[in-house]
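# Coordinates for the following, if possible.
(2 chains)
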2 protein chains.
Amino acid sequence: MSAVHEYIDRHDARFAEELFDFLRIPSISARSEHRGDMQRAAAWFADRMRDAGLVAEIHETPGHPIVTGEWRAAAEHAPTVLIYGHYDVQPVEPLDLWNYPPFEPTLSQGRIYARGAVDDKGQLYLHIKALEAHLRTHGRLPVNVIVLAEGEEEVGSTNLMPFVQKHRDRLRASAIVISDSTMMAPNVPTIGASLRGLAYFEIRVRGPATDLHSGSYGGAVINPATALSRIIASFHDSSWHVAIPGFYDDVRVDPDFLEQIRQLPFNEGEFLAETGAQRLAGETGFNTHERLWVRPTCEVNGLLSGYTGEGSKTVLPAHAMAKVSCRLVPDQDPEKIQRLFVSHVKRVAPEGVHVEVEIMHGGRPWRANLEGPLYEAASRALLKAFGQSAVYAGEGGSIPIVPEFERVLSAPVLLMGFGLPGENAHAPNEWMSMECYRKGTHAAAALLEELRPATP
Amino acid sequence: MSAVHEYIDRHDARFAEELFDFLRIPSISARSEHRGDMQRAAAWFADRMRDAGLVAEIHETPGHPIVTGEWRAAAEHAPTVLIYGHYDVQPVEPLDLWNYPPFEPTLSQGRIYARGAVDDKGQLYLHIKALEAHLRTHGRLPVNVIVLAEGEEEVGSTNLMPFVQKHRDRLRASAIVISDSTMMAPNVPTIGASLRGLAYFEIRVRGPATDLHSGSYGGAVINPATALSRIIASFHDSSWHVAIPGFYDDVRVDPDFLEQIRQLPFNEGEFLAETGAQRLAGETGFNTHERLWVRPTCEVNGLLSGYTGEGSKTVLPAHAMAKVSCRLVPDQDPEKIQRLFVSHVKRVAPEGVHVEVEIMHGGRPWRANLEGPLYEAASRALLKAFGQSAVYAGEGGSIPIVPEFERVLSAPVLLMGFGLPGENAHAPNEWMSMECYRKGTHAAAALLEELRPATP
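Numbers count the residues shown, from 1 in each chain, chains lettered A, B, ... in the order given. This next block holds a predicted model:
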């Protein structure tokens, strides 16, 4: 084992403790009351990059800060690798379902439980530890490195692309590495071959001016909660196909990719247990991997109307709200889907209520071009770190920034994730495996070695 | 003007102040944390009946107490009148829509603003003041009187009928008077000729064990919020007819009553303004009074699922909840409707989620028999108090106890209400007109005189 990897094993406990400190900062980007915590998380992360030996900088934006870390003293002809991640996390509600406090990281049965453990603080921070291992061991890195961490990934990355556009020369790289995804199974190192895009909406239906007595008024005015339910019911047909006209027009079927994902191992019972649902079910004519990776969706993320407390209250609600998001696949265009969605909602909305659709954020779908030196280097690095060959898998989630990076920086993106199935990202009891955190650090360090140019 | 009515005018200010004290007690029956306030309200009300000269008693029940007040020293052959009302009130959410604190009664432009002002503390308490006026003026009442006030009207009156059954001999009366309804318009004294029944449900849909990431899992399991919306959407057809099979089977059309309500004044613009809705709309083929008084409904009272806070969160919710209630008309039977509703929900529920329907409470619809001495006496009393003839109107709301009273006590019920359109019962900014409170007191006092047997 090389000195770099020995260093990683030797500092194992400290690497975990530092991550715990990172996880203790409740950097919830969606909530304005956490603005101070966002600043604190950015400053903490910048300081740790400086400790590792990078030149760190905090860039204020109209939203939450972007943090960069650079090291540019590699040998002539060495490539530049951009490592992207995010230090913001999802909200934590419903709090009563957490077994441990979300911002007091708890180690239990080899898992680090905390909001942000796997999405994405753990997966981001392991790269900093890999860089530290190289710099402390050899005083240098095999390649030039730019770390780019944002604080708005969970709220649509609004200020990231303007930043990337503005600093495109400084950020120019030949490879972009992102660890914000999940492995197929424990000890099955996984390279992400696709991402779904996103179009997120809030539908607001207004009826009466205030909540009315459902006896004195019920029947004479349209109930906004009923109207909203009818709108939502119109999103799918009885086979769970999305019934928004034009929704599937640009869905591209890629037979090679379909063939690849059909060969992946899939334990249906395990996946079902992970969800806790009654059974796996969805769009007729597709299996679970297809439903998750190559088929778009339209999901309700939240519903609120009228009286929702204890007991009964006979109100006719004044308004009703739904948060709804579509996951998109190549070549669906989020802006086109937004237009189709809004006009569908307006068309099916019952008369007599006022319906408003807010377009909240969106992102394009993505499919990797799996050929070239970056993917070869990644395969070797993952084999080294895990002792197993990597597989290519789809990813149902969205990292809207991935297709944007490729477009603006003209460099391929590598998704090398160290999450595990059932990790509860975005849900109560999020966790990251300690073993994945350690092996991920080895893989990140190995990737830099594998990308080093051959000595001429 | 008789001494009794002079007394009422003279004690006007004190009568209002006492009502304010009653309204300051937050007697919300639906919330367990207000159990102490319920006890306090019952005790306060019993004490005020004693002050007026009645023999008051508090009867504990498995829920909130029932309070009775009696005076039984009327002349031989004098009838016994039972006055029923309730001292519990609706919850107050959403609090931010109240212009004044709900439990700090505020007099503004002739209106008493407070939760319970009109539903039903004001309308109940004016009867006590009418009794006081008689007793302080003449030392006696023209008839025997039993006041019966419960604390569970807003949560289904669970313990009232067992109490009435048990004490049916003690409660035996020749007329039952209830003031818990609304006048057609200011200075249009109104007798309630019908009430809708009620069947209240909570539907709970469970999908995954916890909220899941809508990217990583969306498409592969059924979304409980979408499933719930489909269930709700199935409650009506496109004409807003209720589409639950068998729902209308027992609806009885009464041509006389239809004819009566067609002759009532109705200012559509005013009613629309009162609701604040875009327009009046409902079941095709019926006008507003018909939709409110002779047609049953199925209304969503509340909806909750997933993430409903600020910003966006990409969760696939673990569960979804709706509160739904049907208003019923003669001869619909709440128990039959409950069976039809539950089996409809189970039938239309999508496979892959677990659906549970809780039957919360119910009540029968009612139509008055408008002939006989009680209604004649009421018409004369209202004419005296308001200087205007009374009209007969339907009432969209439910007082489940009314048909039960008639059945168990074999006496006709008189609905003599003093609310006004737009009074916001069950909604923020509930109010009662000061003038109606005063004229209502006169009417209540006059009714007792009108029911006095003719001297032989």
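
# May I have the predicted confidence score for residue A:257?
Residue A:257 carries a pLDDT score of 85 in this model.

# Next, the nearest residue to residue A:140 once chain neighbours are set aside: secondary structure please.
The spatial neighbour of residue A:140 that comes closest, neighbours along the chain excluded (Cβ to Cβ, 6 or more residues apart in numbering or on different chains), is residue A:73 at 6.3 Å. (Each C-beta comes from the backbone N, C-alpha and C, glycine too.) Assigned by DSSP: H, G, I helix; E, B strand; the rest coil, the conformation of residue A:73 is coil.

# Got the confidence number for residue A:73?
For residue A:73, the predicted pLDDT is 96.

# any idea how far residue A:16 is from the closest residue to residue A:425 other than its chain neighbours?
Spatial nearest neighbour of residue A:425, chain neighbours left out: residue A:119 (3.9 Å); criterion: Cβ to Cβ, 6+ apart. Remark: distance between residue A:119 and residue A:16 (Cβ to Cβ, to the nearest Å) = 17 Å.

# Looking only at neighbour counts, state which of these two leads.
residue A:119 (29 against 18; other Cβ atoms under 10 Å in any protein chain shown).

# any idea how far residue A:85 is from chain B?
Separation of residue A:85 from chain B (Cβ to the nearest Cβ, to the nearest Å): 17 Å.

# for residue A:431, that is, sorry about that
For residue A:431, the distance to chain B (Cβ to the nearest Cβ) stands at 12 Å.

# follow-up on the earlier one: mind listing what the residue nearest to residue A:140 touches?
The contact partners of residue A:73, by Cβ atoms under 8 Å, 6 or more residues apart in numbering or on different chains, come to A:140, A:141, A:144.

# What distance do you get for the residue nearest to residue A:425 to residue A:289?
21 Å.

# got it, and residue A:381?
In terms of Cβ to Cβ, residue A:381 sits 25 Å off from residue A:289.

# Give the residue from the two that has the larger number of neighbours.
A count of neighbours by other Cβ under 10 Å puts residue A:381 above the other of residue A:381 and residue A:289, at 24 against 20.

# Pretty sure the more buried one sits against residue A:447.
Yes. With contacts counted by Cβ atoms under 8 Å, residue A:381 reaches residue A:447, the gap being 4.1 Å.

# Now do the shared contacts for the two.
With Cβ under 8 Å, 6+ apart, residue A:381 and residue A:447 have common neighbours residue A:416.

# neighbour-wise, which of the contacts of residue A:73 leads?
Most surrounded of these: other Cβ under 10 Å gives residue A:141, at 25 neighbours.

# Give me the spatial nearest neighbour of it, chain neighbours excluded.
In space, and not counting its chain neighbours, residue A:141 is closest to residue A:134: 5.0 Å by Cβ to Cβ, 6+ apart.

# burial count for that neighbour?
26.

# Mind telling me what element it is part of?
helix A:122-138 (DSSP states H and E).

# Okay, now the sheet partners of the very next helix or strand once past that helix, with direction.
On the C-terminal side of helix A:122-138, the nearest following helix or strand under DSSP H and E is strand A:144-150. Using DSSP bridges, the strands paired with strand A:144-150 in its sheet are strand A:66-71 (antiparallel), strand A:80-86 (parallel).

# Looking at those strands, which one is packed in the most?
strand A:80-86 (a mean of 25; mean count of other Cβ atoms under 10 Å in any protein chain shown).

# Relative to the whole chain's centre, how far out is it?
Relative to the centre of its chain, strand A:80-86 is centred 15 Å away, using Cα atoms, centre = their mean, to the nearest Å.

# Then stretch A:31-38?
Chain-centre distance of stretch A:31-38: 20 Å, with Cα atoms, centre = their mean.

# Span of it from start to end?
10 Å (Cα to Cα, to the nearest Å).

# So for it, what gets flagged as buried?
Neighbour-count burial for stretch A:31-38, counted by 16 or more other Cβ atoms under 10 Å in any protein chain shown, picks out A:31, A:34, A:37, A:38.

# Just give me the closest of those residues to residue B:235.
residue A:31 (35.6 Å; Cβ to Cβ).

# my guess is that closest one contacts residue B:310, does it?
Yes. Applying Cβ under 8 Å, one finds residue A:31 in contact with residue B:310, separated by 6.2 Å.

# follow-up on the earlier one: how near is the residue nearest to residue A:140 to residue A:246?
Taken as Cβ to Cβ, the span from residue A:73 to residue A:246 is 52 Å.

# buried residues in the helix or strand of chain A with the lowest mean pLDDT?
Lowest mean confidence among the helices and strands of chain A (mean pLDDT, DSSP states H and E): helix A:255-262, at a mean of 87. The neighbour-count check on helix A:255-262 (16+ other Cβ under 10 Å) flags A:257, A:260, A:261 as buried.

# Wait, the second one touches residue A:193, no?
This means residue A:260. Yes. Taking Cβ under 8 Å as the definition, residue A:260 is a contact partner of residue A:193 at 7.2 Å.

# Determine the residues that are contacts of both of the two.
residue A:392.

# nearest spatial neighbour of the residue in the stretch 351-456 of chain A positioned nearest to chain B, skipping sequence neighbours?
With Cβ to the nearest Cβ, the shortest gap between the stretch 351-456 of chain A and chain B falls at residue A:397, namely 2.9 Å. Excluding the flanking residues, the one nearest residue A:397 by Cβ to Cβ, 6+ apart is residue B:215, at 2.9 Å.

# Near the one you found, how many other residues are there?
Count around residue B:215 with other Cβ under 10 Å applied: 26.

# how close does it get to residue A:93?
18 Å.

# Ok, residue A:376 next?
43 Å.

# And for residue A:16?
27 Å.

# what's the span of stretch A:384-393, first residue to last?
Stretch A:384-393 has its terminal residues 19 Å apart, counting by Cα to Cα.

# and it, does that touch chain B?
No. On the criterion Cβ under 8 Å from any Cβ of the partner chain, stretch A:384-393 is out of touch with chain B, staying 11.5 Å away.

# Check which residues of that stretch are buried.
Here stretch A:384-393 shows A:384, A:385, A:386, A:390, A:391, A:392, A:393 as buried, counting by 16+ other Cβ under 10 Å.

# And for stretch A:203-221?
A:203, A:205-208, A:210-221.

# Those in strands, which ones?
In strands, judged by DSSP state E, the following of the buried residues of stretch A:203-221 are found: A:203, A:205, A:206, A:212, A:213.

# any idea how far the spatially closest residue to the first one that is not a sequence neighbour is from residue A:246?
Excluding the flanking residues, the one nearest residue A:203 by Cβ to Cβ, 6+ apart is residue A:322, at 4.7 Å. When distance is defined by Cβ to Cβ, residue A:322 is 21 Å away from residue A:246.

# next one: residue A:453
48 Å.

# ditto for residue A:234
Applying Cβ to Cβ to residue A:234 and residue A:246 gives a distance of 14 Å.

# who's more crowded, those two?
residue A:234 (18 against 13).

# Could you count how many residues lie near the closest residue to the more buried one other than its chain neighbours?
Spatial nearest neighbour of residue A:234, excluding adjacent residues (Cβ to Cβ, 6+ apart): residue A:348 at 4.5 Å. By other Cβ under 10 Å, the residues close to residue A:348 number 17.

# With residue A:252 instead?
12.

# quick one: it and residue A:328 touch, right?
No. With contact defined as Cβ under 8 Å, residue A:252 does not reach residue A:328; the gap is 11.3 Å.
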